[in-house]
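>>> need a 3D model of the following:
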Amino acid sequence: MLVGITYDLREDYLEEGYSEEETAEFDRGDTIDGIEEALINSGFTTDRIGNARQLVNRLSHGDRWDIIFNIAEGMHGIGREALVPALLDAYQIPYTFSDPLVLALTLHKGMTKQIIRDLGLKTPDFTLVESIADVDKIDLPFPLFAKPVAEGTGKGINHLSKVETRQDLYTICSRLLNDFLQPVLVETYLPGREFTAGIVGTRDDAHCIGVMEVIYKEHRGSDPIYSYHNKAHYEELIAYRIPEDAVMESCAALALTAWKGLGCRDAGRIDIRMDAAAIPNFIEVNPLAGLNPVHSDLPIICSLVGISFQQLIEKIMDSTLKRTGLRSEYHGSIKNHRHHP
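I've put the predicted structure just below:
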């Protein structure tokens with residue numbers, strides 16, 4: 001079975017002149033190496049495709065694949081994560097992870113939180129700032145937390161993101177509106193513990209494989225915010241651990257309900273933070289979670305609970321093959337692979 005791999009390689013965009021922060025969500029070469037190695041070890045034949053533009057070029061030349069392992073994030077627009085899946089849908093080529101609707105929806109944190117509220121799940125109260133004049137209309141109590149509505153990897157988040165006064169809110173909203181050219185999500189700041197939950201599977205087959213608490217090493221000088229800086233220097237500033245059973249169960253239940261309610265597929269993460277009453281709240285979902293074998297949160301969760309990176313990739317592919325009806329074809333290709341090297 002031929003598996004194409006779609007991705008955005010960070011060095012490609014750096015060479016085009018984009019900044020380190022602009023390319024923060026994109027993958028390094030060792031991520032693609034790790035995924036490809038795991039797929040080959042599972043008996044698949046692989047073909048590196050690259051980003052959306054490279055995919056368009058390959059499709060136009062008539063290239064086709066049995067399935068695509070898609071981790072392409074896209075560069076422009078709130079619907080950027082949906083671009084590659086939409087192209088693949090047009091050519092009826094199956095792919096890993098969520099569909100264009102889910103990827104476009106979940107990148108917009110405000111729209112996602114509206115659905116989460118309709119599901120009856122706890123999430124911080126919020127509003128959107130689309131122009132600086134909207135700051136005057138905000139009646140949420142301070143402290144607040146402000147971040148771009150459609151970014152990941154902590155982009156736009158730093159020690160100033162926690163806001164104590166309206167003047168500070170003006171300042172940070174002005175900066176974010178100018179820097180990211182998109183609305184700013186302003187929500188109630190939650191002072192409690194912080195977690196991320198890993199999910200594998202789709203619909204009734206989805207299950208939480210582990211919950212990881214994010215611990216800030218305050219003695220090393222980090223701020224208590226999972227910012228772009230802290231994520232980039234997590235080995236020095238952040239520690240991760242599995243929480244106590246009761247907390248893990250409550251976070252897992254929240255994450256799984258959100259995952260199924262949003263229609264996410266195959267694998268990803270749900271970020272969670274506790275409020276002042278120690279009740280877990282939904283913060284955001286990442287249906288295209290990072291898959292660097294060493295540095296990304298989902299593989300780190302797996303390592304903490306005894307799941308290897310190889311096993312994680314196999315679980316993702318198993319979920320994809322089952323929901324697309326290709327599982328029997330995969331087992332046939334493995335049989336042929338083993339008998340006819």
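
>>> how about the lengthiest helix in the chain, which residues are buried there?
Longest helix of the chain, by residue count under DSSP state H: helix 245-262. For helix 245-262, burial by neighbour count (16 or more other CB atoms under 10 Å) applies to 247-248, 250-252, 254-262. In short, each C-beta sits where N, CA and C put it, glycine included.

>>> direction included, what does the helix or strand just after it pair against?
Toward the C-terminus, helix 245-262 is succeeded by strand 267-274 as the next helix or strand (DSSP states H and E). Using DSSP bridges, strand 267-274 pairs in its sheet with strand 194-200 (antiparallel), strand 280-286 (antiparallel).

>>> between those, which gets nearest to residue 117?
Among those, the nearest to residue 117 by CB to CB is strand 280-286 (9.1 Å).

>>> how about that closest one as CSV, C-alpha atoms only?
Output of strand 280-286 as CSV, limited to C-alpha atoms (Å, rounded to 0.1, in the frame of the first residue of the first chain):
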residue,chain,number,x,y,z
PRO,A,280,-11.3,21.0,34.4
ASN,A,281,-12.2,23.4,31.5
PHE,A,282,-11.8,22.9,27.8
ILE,A,283,-9.2,25.3,26.4
GLU,A,284,-8.7,24.2,22.8
VAL,A,285,-8.3,21.1,20.6
ASN,A,286,-5.5,20.2,18.3
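
>>> where along the stretch 51-200 of the chain do the strands fall?
Per DSSP state E, counting those that start in this stretch, the stretch 51-200 of the chain carries strands over the ranges 67-70, 126-129, 144-148, 162-163, 184-188, 194-200.

>>> which of the strands paired with strand 267-274 is buried the deepest?
Mean neighbour count (mean count of other CB atoms under 10 Å) peaks for strand 194-200 among the strands paired with strand 267-274, with a mean of 25.

>>> next, the angle from it to helix 245-262.
Taking axes from the mean of the first three to the mean of the last three CA atoms, to 10 degrees, one finds strand 194-200 and helix 245-262 inclined to each other by 60 degrees.

>>> just for the protein, where's the confidence low?
Counting by pLDDT under 70, the chain has low-confidence residues at 218-224, 227-232, 330-341.

>>> try it again with 80
For the chain, the stretches with pLDDT under 80 are 153, 218-235, 327-341.

>>> quick one, helices of it?
Under DSSP H, the chain gives helices at 10-15, 29-41, 52-60, 83-90, 100-107, 109-118, 166-180, 228-232, 234-237, 245-262, 297-304, 309-324, 327-339.

>>> adding distance to residue 195, write those out as a markdown table.
Formatted as a markdown table, those follow (distance: least, CB to CB, whole Å):
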| stretch | distance to residue 195 |
| --- | --- |
| helix 10-15 | 27 |
| helix 29-41 | 24 |
| helix 52-60 | 32 |
| helix 83-90 | 28 |
| helix 100-107 | 18 |
| helix 109-118 | 16 |
| helix 166-180 | 25 |
| helix 228-232 | 15 |
| helix 234-237 | 15 |
| helix 245-262 | 5 |
| helix 297-304 | 10 |
| helix 309-324 | 19 |
| helix 327-339 | 32 |
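
>>> now residue 169: closest residue in space, sequence neighbours ignored.
Nearest non-adjacent residue to residue 169, counting by CB to CB, 6 or more residues apart in numbering: residue 163, 4.8 Å away.

>>> wait, doesn't that neighbour sit right on residue 143?
Yes - with contact defined as CB atoms under 8 Å, residue 163 counts as touching residue 143 (6.2 Å).

>>> what do the two both touch?
Between them, residue 163 and residue 143 have residue 189 as joint contacts when contacts are counted by CB atoms under 8 Å, 6 or more residues apart in numbering.

>>> so the two - more neighbours on which side?
A count of neighbours by other CB atoms under 10 Å puts residue 163 above the other of residue 163 and residue 143, at 20 against 15.

>>> test of understanding: give the bridge partners of that one.
Under DSSP bridges, the beta-bridge partners of residue 163 are residue 144.

>>> what sits against it?
Contact partners of residue 163, counting by CB under 8 Å, 6+ apart, are 142, 143, 144, 145, 146, 169, 172, 186, 189.

>>> and if we set it to 7 Å?
Residue 163 makes contact with 142, 143, 144, 145, 146, 169, 172 under the criterion CB atoms under 7 Å, 6 or more residues apart in numbering.

>>> just send the residues you listed back as CSV, with distance to residue 179 too.
Below are these laid out as CSV (distance: CB to CB, whole Å):
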residue, distance to residue 179
142, 23
143, 22
144, 18
145, 17
146, 12
169, 16
172, 10
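
>>> going by neighbour count, which of the residues you listed are buried?
Buried, going by 16+ other CB under 10 Å: 144, 145, 146, 169, 172, out of the contacts of residue 163.

>>> so which of those comes closest to residue 34?
Lowest distance from residue 34 to the buried ones among the contacts of residue 163 (CB to CB) belongs to residue 145, with 33.1 Å.

>>> so the closest one makes contact with residue 161?
Yes - assessed by CB atoms under 7 Å, residue 145 is found in contact with residue 161 at 5.7 Å.

>>> what does stretch 239-247 contact?
Outside stretch 239-247, the residues that reach it (CB under 7 Å, 6+ apart) are 195, 210, 211, 212, 213, 214, 215, 217, 248, 300, 304, 305.

>>> thought residue 251 was touching the first one, still the case?
Meaning residue 195. Yes - with contact defined as CB under 7 Å, residue 195 reaches residue 251; the gap is 5.1 Å.
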